[in-house]
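Q: 3D model of this:
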Amino acid sequence: MKKICIIHAGGTIGMIPSEDGYKPKEGYIETLFEQIKDLKSEKMPEYDFYEMSPLLDSSDMTVNEWNRIGRIISDLYEKYDGFVVLHGTDTMAYTASALSFMLENLDKPVILTGSQIPLCEIRSDGLDNLITSMIIAADGLVREVCLYFGGKLMRGNRATKMSSDGMRAFSSPNCPLLAEAGISISYLPYPPMPKNEGKFNFCHFEDVPIGVLKIFPGIRFPLFEGVMTEKLKGIVLETFGAGNIPSDNGSLLPIIKKAFESGSVVAVCSQCPQGTVSLGIYKTSSALKKAGAVSGYDMTTESAVAKLYYLFSKGYSKEEIKVKMEQNLRGELSN
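A: Numbers count the residues shown, from 1 in each chain. Below is the predicted model of the structure:
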């Protein structure tokens, strides 16, 4: 009999109604589990339940909570065949991306899931997401950090939230699904992860200053110069299309150069959910390449942010980080 660990970090799945809207309640969801007959079926894996405190709306998740979840998995790694993390949907893709990097040489399933409607409400999608995630975690066929939601199993660092109210809220635009759950769970062929080397290890993330800047028509880059050159170690630029930015009389070029000289690393991602960044293909992206920015290729913004945290936490130099940002470390980008 396989045994898994369910880690409850918070989120809608375990919330209850209050005067101020839905909020998490400690101890509630474990009590609710005792009333769910399906969880006691002989077809279900054994499980232990671990509830974090305080439980959080995922909007309040920080690097500290990523580290806490990662540390729990690390401490319990040898005891269980797999892990399910119950998490709010708003930042689930960020946490999945972070765990994919901090859990080095992972060789067990870590499945993040949650719901759009609390378990306590009629029509909740939480029960199916929970049960299927538990089965996938026990199957052990996909040994990486994944996100399961609405019948789809996705690589954690390739998933992104696409809908605020749809039951199939997440998508993996640049990576095939790992599995689909219909009448049965069908595991699908998908791009392999880079080969594990060495033993499982937990990498604690340092709370380095990292920011995201979304490019928009008419943006005036000099307004952001003070932040980009003095306060941020890592910067993710969400550009148009394949990495294009407004010319703005070439004002971004010296800003990025100065940022790099100050120790910052600038990674370029696309605002388009699908496709890849190709710096230098168009004239409007050439300035970024010349200034020393690195391509995020087809990484999600969530993954690029988590990857910067990881690489800075490992103590790499800015030159090494630039190289590794363009390398496939955890299946986060296409070869």
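Q: now do the spatially closest residue to residue 321 that is not a sequence neighbour, the pLDDT please.
A: Leaving aside its sequence neighbours, residue 321 sits nearest to residue 311 (Cβ to Cβ, 6 or more residues apart in numbering; 4.5 Å). Backbone N, C-alpha and C define where each C-beta goes, glycine included. The score at residue 311 is 98. That number is its pLDDT.
Q: residue 311 belongs to a helix?
A: Yes. Judged by DSSP: H, G, I helix; E, B strand; the rest coil, residue 311 forms part of a helix.
Q: from residue 134, how far out is it?
A: Here residue 311 is placed at a distance of 33 Å from residue 134 (Cβ to Cβ, to the nearest Å).
Q: so what's the closest residue to residue 22 other than its chain neighbours bridging to?
A: Among residues not flanking residue 22 along the chain, residue 15 sits closest, at 4.0 Å (Cβ to Cβ, 6+ apart). In this entry, residue 15 is beta-bridged to residue 24, by DSSP bridges.
Q: enumerate every residue touching residue 15.
A: Applying Cβ atoms under 8 Å, 6 or more residues apart in numbering to residue 15 gives the contacts 22-25, 118, 120.
Q: with just CA atoms, put the one helix or strand in the chain whose mean pLDDT sits lowest into CSV.
A: Lowest by mean pLDDT, DSSP states H and E among the helices and strands of the chain is helix 225-230, with a mean of 79. Below are the C-alpha coordinates for helix 225-230, written out as CSV (Å, rounded to 0.1, in the frame of the first residue of the first chain):
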residue,chain,number,x,y,z
GLU,A,225,15.9,53.4,-14.0
GLY,A,226,16.3,54.0,-10.3
VAL,A,227,14.7,50.7,-9.4
MET,A,228,16.4,48.7,-12.1
THR,A,229,19.9,49.8,-11.3
GLU,A,230,19.9,50.0,-7.6
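Q: following it, which helix or strand comes up?
A: Once the chain leaves helix 225-230, the next helix or strand it forms, by DSSP states H and E, is strand 234-239.
Q: strands paired with that next one, and their directions?
A: Strand 234-239 has these strand partners (DSSP bridges): strand 210-214 (parallel), strand 265-270 (parallel).
Q: what segments of the stretch 1-150 of the chain are strands?
A: 3-10, 15-16, 23-24, 46-56, 82-86, 103-104, 110-113, 145-149 (DSSP state E, counting those that start in this stretch).
Q: dump those strands into TSV; add mean pLDDT as well.
A: What follows is the strands of the stretch 1-150 of the chain, written out as TSV (pLDDT from 0 to 100):
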stretch	mean pLDDT
strand 3-10	98
strand 15-16	93
strand 23-24	88
strand 46-56	96
strand 82-86	98
strand 103-104	98
strand 110-113	98
strand 145-149	98
